Every structure is written in structure tokens, then in C-alpha cells.
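Student: Sequence plus the predicted model coming up.
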Amino acid sequence: MKRIYLLVVHALLLGCSSAADPPADTTPQATPVRRQALTAKEVLRRMIAAYQQADAYSDKAEFRLTYRQGGKLLGDTAALSVQCRRPQHLRVQAYHLTMTSNDRVLSARVTDEGTQNLYGQFVRRATPTPFSLDAVYQDEVLFRAVSSGLGRHPVQLELLFSQQPLAEFLKPAILAAATVTESRLGEDVCYVVSLNSDQGLFTFWIGKQSWLLRKLVYPAESVAPDLVALASVTDVVTEAIFADARFDCSGDEARFDLPLPDDVTPVHHFVLPPQPLPSKLFGKTPEFFYFNDMQGRRIDGNALRGRTTALIWYHHHPVCEEYLRQIHAVSRQFEGSQDIAIYAICTEPSSTTDLEVQQYLRDWQVQTVALRDLRAFGRDVFEIQGAPTLVVLDRNGVVQIVETGFNPNIAAELPVVLRKLDAGEDLAESILAQASRDQEEFTRQFTESQKQAFK
């Protein structure tokens, strides 16, 4: 499935390496004040009116994700700032997207190392008149980039420009169950409005005097469902902090015109590149490799031939533990099979003994057969960059599937793959053919978007 490669939240699940240290807590501490008489509808309406009537707005907002895993507090942050002067001067920095507009041109750029900044695409098109979010979001990839972390665009944009801001929260059924309290956030007293929507519990912290949104807590199960689903993870918090929010945007006019670098290709709209294959080995036979079993015996590629074989590289980390528990469930489906084999390939160094490797698996309640990659063939032959990584070989030793990172659905998907290969299907051939078609279509759309770019 095509997807933008910039998902801030889900990037934390792509491997077993430790996440970054949690963001420094510069958020003013909340102090309860008292319950208050205004209804949730009244508070939200007054906040909406303040944003809709404002001639200017600016903040230094950021999105924060924090959680506990293995006894450690971990997390990440991403930019989520908005600067605006009506009617159409705008600057947005959201996740990896920077977008500006003025009375002439709308410009946007995505920073993404994995795709060389979407292959150097730089959006330049005439600013829509009249200015509206619907007109801006006709660029589907731009919308996905600006909303990738939270599954929705920055709420400031909705409050400022939407014709029906926060409509989902103003439904009578949701408002009927909403609560409003007052609490101090740093120096400000805020209305704290909690609403249960279809997506979960949202909590708005709204300045009592300014009607500025100071903080918005999102339902973690909606924003980061894969993270919440991990048994090893607790206390997941997903929130936006609107630092320095104000109904003012004085300063340099140049901020609303994103400079056009020399090393980019102007386009009318972003064209999403096909997701690159995770390996160059699809449809190929790997060079010589071997693993060691728990008795120190070598098992090489030739010994694996004659059976469809799944190899899962892992190391001692909670995410890999969660992944291997799913692999264990798959292994049990094929117990006693002479045609399908599944091996857990441990990447721990030789300083970790075989007994320790076995103990880890017992503690994880995983009985999948374990082998050791003491010579780093995973890195040097299979070009594996992290764990967990799945490689599936057909009975002739040809690489058919490579998948990197945590897959919460692996227990359901892997048996289907193994049975198809056991029946003789060539999945790699289909994957390579589809990749070629995707590249041709991308080239066609990219060329068309170049022709339409603002001159």
C-alpha cells in the first residue's frame, strides 16, 4: 500500500533500537482550580469565534509523544507551528512539511531523507483565491504530510480557516457527555473541556482570558494504535502544546515566501513516489551464509533448501519480544511440517551465551527454533539494517519476501505467504512487476505536475 514515509508516530516502531529520550517537559504544570458553569458548547464556540475573527495568529507549537517501555520514559517531538495573516498569508511547519502562501504563490517542501525529499519535489502554484483549506488540500500528498502524525491537520488551521471548525465535537450526543472544569496551566487559568468522540477522548485546554488553545490531548489509541497495542508499552500520551500562541503575527514578510532552492524540481502538486522495496534481493539467491544452532553446529543456505523458510532476525528488546510472540503463534501452525520451516535468528554478540539466548526465549514464552547469526550474515549478505526483519526463502533458496520493522499483523499475514510459496507461487516476481509499474506511473504523474508548476 502506498503511504507517505514521514509518519512521526509510527517511525518509533520501525525497529528495535531505543527511541529518543523523551522531550524535555517545558509544559507549564497544570493545577486544579475549580469546576465552572459554562457548558462545553459555550466554551468551544467562544474559542472558535476568537480564531475566526482574528486578523492574525502565530505560535511555536509542537506535537509530543511520550510512553514508558522497559522501565524508561521515552518519546519524540515534531514541529506543529502556524503563522497567519489574513486573508492568505500563511506559514506552516508540521512534521516534515514546510508550507507558505502569500498573495502570489503557495510553496511547499517535504524533508525526508528516505526519498531524497520526495525526489526534490518543491510545490509552487498560484495561491488559491479565495483562500481555503479545501483548495490547499486538493494536493492529497500535501494533506497527508500535514496530517501524518495525528491523522488530521493541525487544529490551528481548522480553527482559523475551516467553515465548520470542530464540527465533530459539536454534535449534541458528544456535547451531552462533555465535561468542563477550570485548571491552571502555568500562569494561565484554562477551561479544560473533555469530549469523547468516535476516535476517543480529546481534552482541550483553552485560555480563560484569551480564548487561545493552549494544549490539546489526543486519544493515544487513535493516534498511535500500534504503540498502544504493545504489551511492553504503558502510559502513552499524545498531545499538542501551543507555545507562544497569540492573535498576532508581526515581523518579517519574507517568512510567507519559501525560497526556491537550486537543487529542487518545481511541481504544481506533490506526486508520491512508490515505496522503495526494502531489499535488492527479491527474486535472487543470496550469497553463501550460515547460522549456528544452540549446539554450535552450522546450518547453511543449502541445508535450508527443499522447504519454504522464514528467517526472523531479532535481538533482546521489548519490540522484538512482541514480534516473536506472534511468530511463535505462526510456528505452532506448522509444527511437524516437512515443507515449511521458521527460524528466529538471534543477532546478539558472542558474549551472550547460548543458554542466555534460550532463557530469553523461555521468558518471552517463545518456542520457535532459534539460530545465531554470529558472523553478521544478516548485515553483510541480506543487507539487514535493524530488527525485527523477516526474510522468506522459497524451496530453491530464492528470496521471496523481505519485511523490515514491527508488523502488528504478522501472525495473520505470514501463514498466507508461506502457504502461497509452498503451493509454488512466485511472489517475488509479482512484487518486482508491480514495483516496475508503480515507477512508470510515478514518472508519468511527476512529469505532468512539472508542466503545471507556477512559473
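Tutor: Thanks, I have it.
Student: When you work out contacts or count neighbours from here on, use the C-alpha atoms and nothing else.
Tutor: OK.
Student: Please put the alpha-carbon coordinates of the host helix or strand of R45 into PDB.
Tutor: Element membership for R45 (DSSP states H and E) is helix 40-53. This file holds the C-alpha atoms of helix 40-53, laid out as PDB (Å, rounded to 0.1, in the frame of the first residue of the first chain):
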ATOM      1  CA  ALA A  40     -18.600  22.700  26.700                       C
ATOM      2  CA  LYS A  41     -20.600  24.100  23.700                       C
ATOM      3  CA  GLU A  42     -20.300  27.700  25.000                       C
ATOM      4  CA  VAL A  43     -16.500  27.300  25.700                       C
ATOM      5  CA  LEU A  44     -15.800  25.800  22.300                       C
ATOM      6  CA  ARG A  45     -18.000  28.300  20.500                       C
ATOM      7  CA  ARG A  46     -16.200  31.300  22.100                       C
ATOM      8  CA  MET A  47     -12.800  29.800  21.200                       C
ATOM      9  CA  ILE A  48     -13.900  29.200  17.600                       C
ATOM     10  CA  ALA A  49     -15.200  32.800  17.300                       C
ATOM     11  CA  ALA A  50     -11.900  34.200  18.600                       C
ATOM     12  CA  TYR A  51      -9.900  32.300  16.000                       C
ATOM     13  CA  GLN A  52     -12.400  33.000  13.100                       C
ATOM     14  CA  GLN A  53     -12.400  36.700  13.900                       C
END
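Student: Run through who's touching it.
Tutor: 159-161, 165, 170, 175, 178-180, 191, 193, 206, 211-213, 247 (CA atoms under 8 Å, 6 or more residues apart in numbering).
Student: Check stretch 446-455 too.
Tutor: With CA under 8 Å, 6+ apart as the test, stretch 446-455 has contacts from 105, 123-126, 265-271.
Student: roughly how far out does that stretch sit from the chain middle?
Tutor: On the basis of CA atoms, centre = their mean, to the nearest Å, stretch 446-455 sits 29 Å off its chain's mean C-alpha point.
Student: and if you look at stretch 238-253?
Tutor: Counting by CA atoms, centre = their mean, stretch 238-253 comes out at 24 Å from the chain centroid.
Student: What's the end-to-end length of that stretch?
Tutor: 33 Å (CA to CA, to the nearest Å).
Student: what does stretch 267-281 give?
Tutor: With CA to CA, one end of stretch 267-281 sits 33 Å from the other.
Student: Report the backbone C-alpha coordinates of stretch 403-417 in PDB.
Tutor: This file holds the C-alpha atoms of stretch 403-417, laid out as PDB (Å, rounded to 0.1, in the frame of the first residue of the first chain):
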ATOM      1  CA  GLU A 403       9.900  -7.000   5.500                       C
ATOM      2  CA  THR A 404      11.600  -4.700   8.000                       C
ATOM      3  CA  GLY A 405      10.200  -3.400  11.200                       C
ATOM      4  CA  PHE A 406       7.400  -4.300  13.500                       C
ATOM      5  CA  ASN A 407       4.300  -5.600  11.800                       C
ATOM      6  CA  PRO A 408       1.300  -5.900  14.200                       C
ATOM      7  CA  ASN A 409      -0.500  -8.200  11.700                       C
ATOM      8  CA  ILE A 410       2.400 -10.600  11.100                       C
ATOM      9  CA  ALA A 411       0.600 -13.500  12.800                       C
ATOM     10  CA  ALA A 412      -2.200 -13.300  10.200                       C
ATOM     11  CA  GLU A 413      -0.200 -12.400   7.200                       C
ATOM     12  CA  LEU A 414       2.800 -14.700   7.400                       C
ATOM     13  CA  PRO A 415       0.800 -18.000   7.200                       C
ATOM     14  CA  VAL A 416      -0.800 -16.800   4.000                       C
ATOM     15  CA  VAL A 417       2.600 -16.000   2.400                       C
END
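Student: For that stretch, the averaged confidence score.
Tutor: Average pLDDT, stretch 403-417: 96.
Student: hang on, the earlier thing: list the ones among the contacts of helix 40-53 that fall in strands.
Tutor: Among the contacts of helix 40-53, the members found in strands (DSSP state E) are 179-180, 191, 193, 206, 213.
Student: Narrow those residues to just the buried residues.
Tutor: Restricting the ones in strands among the contacts of helix 40-53 to buried positions leaves 179-180, 191, 193, 206, 213, with burial counted as 16 or more other CA atoms under 10 Å.
Student: As TSV, these with pLDDT and distance to A56 would be great.
Tutor: Shown next, in TSV, are those (pLDDT from 0 to 100; distance: CA to CA, whole Å):
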residue	pLDDT	distance to A56
T179	96	30
V180	97	28
Y191	97	23
V193	98	25
I206	98	18
L213	98	15
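Student: okay, those residues in CSV with distance to P278 next?
Tutor: Listed next are those as CSV, based on distance: CA to CA, whole Å:
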residue, distance to P278
T179, 47
V180, 49
Y191, 48
V193, 44
I206, 45
L213, 41
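Student: just the residues you listed now: which is nearest F143?
Tutor: L213 (22.2 Å; CA to CA).
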